[in-house]
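K.L.:
Could you look at this predicted model? Sequence included:
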Amino acid sequence: MTAAPTPPGAIGTAPEPADLQTYLGALDDWVRGRRTELDELDAAALSAQRGGDVAADMALSLALWKAVADRWQLMWATWDGGRVGVEERTRIATLIWGRLDSTSGAPSVSLPEACRLSDALAGQLRATLALTPGADAAAGRIKELRAQLERIRDQVGLEPALSRTAAVDRLAGLMQRLDDVTERARRGADVGGLLGPLESDASTMERDLIVGNARRREARDQLRTVRELRTDLTARAQALRRLQDICVRTVDPAPRYAVPDVDALGPVPNTPEALDPYLHRLHRVSEALTLAQRSYADALAERTQLADLLDAYVAKARALGVAGRPDLQDSERQAREVLGREPAPMPVCRQLVGTYQAWLTQLAAAGPAGGPSAAAPSKESA
């Protein structure tokens, strides 16, 4: 199971570049690993015909993953290969600790909270689908459970006084069950049947605490929510402008979406009657930013996909022994030259990669030495 990295700094601070580089790299690994894990869980659920049992958790897991992945992309664009000053590092910290875009169905939580919630959901899904390793891995599972219960202990400390007693009792019950499982495992018993339900209950409690804390925070301080969202949208808009510049510089034609100006909404109101309409306008801006980001990201991804496709065709040509044919070499050279331009003319790139594919199909049919097409003319043709 992929564990989320620990984020640096706090909102309003400028973490050190080395810390940000380490975190962004680890978060990239987490995003890729979690997507692979969710695909495996989804395939396992469909194979076991239990898709309905995990549909809600799987949908929430995918929404969380998408929100984190989108936020990582904005952070990566702001990072700009390490060319960051205090302003950019502060903006990245805002992107880390600000609220995530909730239009995709994910709860309105910060990036670290979303990662922890995703970890908890993944653990619950694995336990539900009985994909956790068997008894030979009991010691590792017990260790992970202890770490999870410590995270839950921290979350219980954030509970309000009225509900904290119930949460403490619930945590105590989980810890008692874990101690019992640990003692049984120490005596050599097979505890696989006990670990699965315990992991599921612990993941459920961790998820409930994270979601409950987020909901209480929203209900308690809507004004703070609006201010944080506005700050976050401002940072997203600035990062999106950087992504827009990269896209315009890299591909042609590039999408031409206007980046919304958050300042045009005016100052944050301080009355409950005006907060809801203002929050609605902020969500509209968030949707516009998400649409623009997706368009620019797709445009950049197409160039990368064409380059990867050309590499695959070249590898196939080498395997077939026709890569050295002049027509293929000329076609590859021209395609790579045009793909390497800034901006790269995408319609021409598509055509050139398609031309290489057409040459490969033609020459592969003829064979490495040229085949029939390289033979001497027949009498009829003479």
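P.N.:
Structure's in. What do you need?
K.L.:
can we go C-alpha only for contacts and neighbour counts from here?
P.N.:
Noted.
K.L.:
Please identify the buried residues of the strand or helix carrying residue 34?
P.N.:
Element membership of residue 34 [criterion: DSSP states H and E] is helix 17-47. Buried positions in helix 17-47, judged by neighbour count with 16 or more other Cα atoms under 10 Å: 17, 20-21, 23-24, 26-31, 34-35, 37-38, 41-42, 44-45.
K.L.:
and what of stretch 235-250?
P.N.:
235-244, 246-248, 250.
K.L.:
For the stretch 151-300 of the chain, which segments are assigned as strands?
P.N.:
Using DSSP state E, counting those that start in this stretch, the strands assigned to the stretch 151-300 of the chain run over residues 251-252.
K.L.:
for it, which spans come out with low pLDDT?
P.N.:
For the stretch 151-300 of the chain, applying pLDDT under 70 flags the ranges 186-188, 218-220, 272.
K.L.:
All the helices of it, in order from the start?
P.N.:
For the stretch 151-300 of the chain, applying DSSP state H, counting those that start in this stretch gives helices covering 161-186, 192-220, 222-250, 272-320.
K.L.:
Tabulate the ones you listed (JSON lines), appending distance to residue 342.
P.N.:
Listed next are those as JSON lines, based on distance: least, Cα to Cα, whole Å:
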{"stretch": "helix 161-186", "distance to residue 342": "57"}
{"stretch": "helix 192-220", "distance to residue 342": "44"}
{"stretch": "helix 222-250", "distance to residue 342": "5"}
{"stretch": "helix 272-320", "distance to residue 342": "11"}
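K.L.:
between these, which one is nearest to residue 50?
P.N.:
helix 192-220 (16.0 Å; Cα to Cα).
K.L.:
rewinding a little: to residue 62, which of the helices of the stretch 151-300 of the chain lies closest?
P.N.:
Of these, nearest to residue 62 by Cα to Cα is helix 192-220, at 14.9 Å.
K.L.:
The closest one: which residues count as buried?
P.N.:
Burial within helix 192-220, assessed by neighbour count using 16+ other Cα under 10 Å, is assigned to 192, 195-196, 198-207, 209-211, 213-214, 218.
K.L.:
What are the contacting residues of stretch 279-290?
P.N.:
101, 103, 226, 229-230, 233, 236-237, 240, 259-260, 262, 265 (Cα atoms under 8 Å, 6 or more residues apart in numbering).
K.L.:
circling back to that earlier point, ok now the helix holding residue 34, how far from the chain's centre?
P.N.:
With Cα atoms, centre = their mean, to the nearest Å as the basis, helix 17-47 stands 7 Å off its chain's centre.
K.L.:
Output the contacting helices and strands for it.
P.N.:
Helix 17-47 sits against helix 51-79, helix 111-128, with contacts defined as 3 or more Cα pairs under 8 Å, 6 or more residues apart in numbering; DSSP states H and E.
K.L.:
Helix or strand: which one has residue 323?
P.N.:
Using DSSP H and E, no helix or strand contains residue 323.
K.L.:
coming back round to it: name the nearest of the contacts of stretch 279-290 relative to residue 11.
P.N.:
residue 229 (12.4 Å).
K.L.:
Burial check on the closest one, number of neighbours?
P.N.:
Using other Cα atoms under 10 Å, residue 229 has 21 other residues around it.
K.L.:
And for the one 3 residues further on?
P.N.:
Under the neighbour criterion other Cα under 10 Å, residue 232 is assigned a count of 22.
K.L.:
Then residue 162?
P.N.:
Other residues close to residue 162 by other Cα under 10 Å number 8.
K.L.:
which residues touch it?
P.N.:
Neighbours of residue 162 in contact, by Cα under 8 Å, 6+ apart: none.
K.L.:
So residue 257 versus residue 76, what's the distance?
P.N.:
20 Å (Cα to Cα, to the nearest Å).
K.L.:
These two - which one has more neighbours?
P.N.:
residue 76 (19 against 14).
K.L.:
Tell me the secondary structure of residue 105, please.
P.N.:
Following DSSP: H, G, I helix; E, B strand; the rest coil, residue 105 is assigned to coil.
K.L.:
Tell me how many other residues crowd residue 347.
P.N.:
10.
K.L.:
Quick check, pLDDT for it.
P.N.:
Here the pLDDT value assigned to residue 347 is 95.
K.L.:
could we number from 47 for the rest of this?
P.N.:
Sure thing, new numbering starts at 47, so read that last one as residue 393.
K.L.:
From residue 293, how far off is it?
P.N.:
Counting by Cα to Cα, the gap from residue 393 to residue 293 is 15 Å.
K.L.:
need the contacts of stretch 325-336 in CSV with distance to residue 387, can you?
P.N.:
What follows is the contacts of stretch 325-336, written out as CSV (distance: Cα to Cα, whole Å):
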residue, distance to residue 387
147, 34
149, 36
272, 43
275, 38
276, 37
279, 32
282, 28
283, 27
286, 22
305, 25
306, 29
308, 34
311, 39
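K.L.:
Spatially central residue in this structure, please.
P.N.:
Centroid check for the chain by Cα atoms, centre = their mean gives residue 115 as the closest residue, at 2.6 Å.
K.L.:
so who does it touch?
P.N.:
With Cα under 8 Å, 6+ apart, residue 115 has these contacts: residue 77.
K.L.:
Setting aside sequence neighbours, what's the nearest residue to residue 221?
P.N.:
Excluding its sequence neighbours, the residue lying closest to residue 221 (Cα to Cα, 6 or more residues apart in numbering) is residue 195, at 7.4 Å.
K.L.:
Quick check: which of the helices of the stretch 197-346 of the chain is nearest to residue 373?
P.N.:
helix 318-366 (11.9 Å).
K.L.:
No further questions, thank you.
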